[in-house]
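Participant: Turn this into a model:
(one chain, ligands or ions: 2)
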Amino acid sequence: MANTLNSDLEGITVAETRLSQINGEKGELLIRGLPIDELASNASYEETVFLLLNGRLPTSEETDEFRGKLASHRQICDEVQAVLQRAAREGKPAMDALRMGVAAANLGVEEQDLRKDIHRVIAVFPTIVATYWRYQQGKEPVAPRDDLGHATNFLYMLTGERPSEARAAGLETYLNTVVEHGLNASTFTARVVVSTESDLISAATAAVGALKGPLHGGAPGPVLEMLQEVYETGDAEKYVRETLDAGERLMGFGHRVYRARDPRAAVLESAAESFHTEKGDGEFFEAAQEFEDVATDLLAEYVPDRRLETNVEFYTAILLDGVGIPKDLFTATFAISRVSGWMAHALEQLDDNRLIRPSSHYVGETKRSWTPVEDR
Ligand SMILES: CC(=O)SCCNC(=O)CCNC(=O)[C@H](O)C(C)(C)COP(=O)(O)OP(=O)(O)OC[C@H]1O[C@@H](n2cnc3c(N)ncnc32)[C@H](O)[C@@H]1OP(=O)(O)O
Ligand SMILES: O=C([O-])CC(=O)C(=O)O
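Facilitator: Ligands and ions are numbered 1, 2, ... in the order given. You can find the predicted model right below:
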């Protein structure tokens, strides 16, 4: 078989999936056949995850049962709390704390069935993030409540107060929007891990590490900083030109697959708009929309060979800021959603598993002989 070098795997198909379909040219995304805008604005997060895992929407009884199952796995043990407390004390970033917490999430758990940890893995993510955050703020953690939905409970654990319905709905829209996106870097990582017949906690831990980087899930914090800076100076063009002249990338723009505006941007833009209008800082939101126009025009001027449009992270920053998620938790909040996509892919991989093991092309020294240490 001819062997070509594809160091970034762009355009290489390595799996069949029934979970999501992306049309990069048209800018369309279907989750289990449902357009992302319909799903994101109508479903609860539990319904979305049920759909991902089972391929159909749940009945209301099934949603209640699924919500209960997730809620029953929310607790983390004292040892995990201690790790998170230490991570917060040492000023470790939220994604490092999440990685440590997830890695330890099977402490005290007896079952070892590869597929049984799925509810626990999904359920503990919000608890880990909120516990770390409380410690980081010098406060005691707030125990999860099993009578609240996934999104509401996360906001509750962050503040100790039940959030308004509007905030919970905004977060739910966000969680639904980013839950799954084909073979992105973190999902691919999870599939590689389970392809070795390792376990789901290991897959989730590795995927957290892959999501952390700014070329993937780490972009929305810098997007918010950029927008705040430009809001103060009022000069978007200057900011964008200076960034691009310095050879830097503009966060929240460009995508490996989309050659059109990311369809999730529209979903998050409209959810963010209602928040900012309600909060009375509609001006900030409008400035962000203007920034987007300036940025896409200038990206076309600077990088004419590649269509660089707004990606999901741009309005993520504005929506999460609106619903009151601290900037330092943006990427961890992404992980709280995406873990369900990772788990759905892990199960898909295990359904018809073969070890994922690509090749490398050796370009090093040719055969050498051992040199004794005194002759080197
Ligand atoms: C959930 C997510 O993961 S969405 C992505 C979140 N990340 C970001 O927003 C970070 C900014 N964006 C980027 O870095 C990129 O667009 C990526 C990583 C998302 C995708 O990049 P790739 O598919 O690898 O594109 P690639 O790196 O080949 O870029 C092609 C050209 O466009 C340029 N380019 C791509 N994105 C940007 C950007 N945001 N700003 C400026 N230039 C860009 C590159 O510099 C390159 O130009 P060159 O050939 O002159 O060097
Ligand atoms: O698909 C990708 O490469 C990145 C992305 O947008 C996502 O993971 O949501």
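
Participant: gap between Tyr45 and Thr333?
Facilitator: 12 Å (C-beta to C-beta, to the nearest Å). Placement of C-beta: from N, CA and C, glycine included.

Participant: Repeat that for Gly252.
Facilitator: 16 Å.

Participant: Next: Trp133.
Facilitator: Trp133 sits 10 Å away from Thr333, going by C-beta to C-beta.

Participant: Next: Leu200.
Facilitator: Using C-beta to C-beta, Leu200 is found at 21 Å from Thr333.

Participant: And Ile318, by the same measure?
Facilitator: 13 Å.

Participant: And the residue of the stretch 201-350 of the chain that's closest to ligand 2?
Facilitator: Arg256 (4.7 Å; C-beta to the nearest ligand atom).

Participant: for the residue nearest to that residue when sequence neighbours are not counted, helix, strand, or coil?
Facilitator: Distances taken as C-beta to C-beta, 6 or more residues apart in numbering place Glu10 nearest to Arg256, at 6.6 Å, with adjacent residues excluded. Of the three states, Glu10 takes coil under DSSP: H, G, I helix; E, B strand; the rest coil.

Participant: Can you verify my assumption that Glu10 contacts His255?
Facilitator: No. Under the criterion of C-beta atoms under 8 Å, Glu10 is not in contact with His255, lying 11.6 Å apart.

Participant: Show me the contact partners of the least confident helix or strand in the chain by mean pLDDT.
Facilitator: Ranked by mean pLDDT, DSSP states H and E, the weakest helix or strand in the chain is helix 263-279, scoring a mean of 91. By C-beta atoms under 8 Å, 6 or more residues apart in numbering, the residues outside helix 263-279 that reach it are 27-29, 35-37, 40-41, 166, 170, 173-174, 177-178, 282, 284-285, 289, 310-312, 314-316, 318-319, 322-323.

Participant: and with 6 Å instead?
Facilitator: Helix 263-279 has contacts (C-beta atoms under 6 Å, 6 or more residues apart in numbering) with 27-29, 36-37, 40, 170, 173, 177, 282, 285, 310, 312, 315-316, 318-319, 322.

Participant: So which bits of the stretch 251-376 of the chain are right by ligand 2?
Facilitator: Arg256, Val257, Val312 (C-beta under 6 Å from any ligand atom).

Participant: Just the buried residues from those residues, in ChimeraX please.
Facilitator: Selection of buried members from those for ChimeraX, criterion 16 or more other C-beta atoms under 10 Å:
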select :257,312
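
Participant: what would the residues of the stretch 251-376 of the chain next to ligand 2 look like in TSV with distance to Ser195?
Facilitator: Converted to TSV, those look like this (distance: C-beta to C-beta, whole Å):
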residue	distance to Ser195
Arg256	21
Val257	22
Val312	27
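
Participant: Out of the residues of the stretch 251-376 of the chain next to ligand 2, which is nearest to ligand 1?
Facilitator: Of these, the one sitting nearest to ligand 1 (C-beta to the nearest ligand atom) turns out to be Arg256, at 3.7 Å.

Participant: Am I right that that closest one is in a helix?
Facilitator: No. Per three-state DSSP, Arg256 lies outside any helix segment and is coil.

Participant: from now on call the first residue 222
Facilitator: Got it, the first residue is 222 from now on, which makes the last one we talked about Arg477.

Participant: of the residues of the stretch 472-597 of the chain next to ligand 2, closest to His294?
Facilitator: Within the set of those, Val533 lies nearest His294; the separation is 27.7 Å, counting by C-beta to C-beta.
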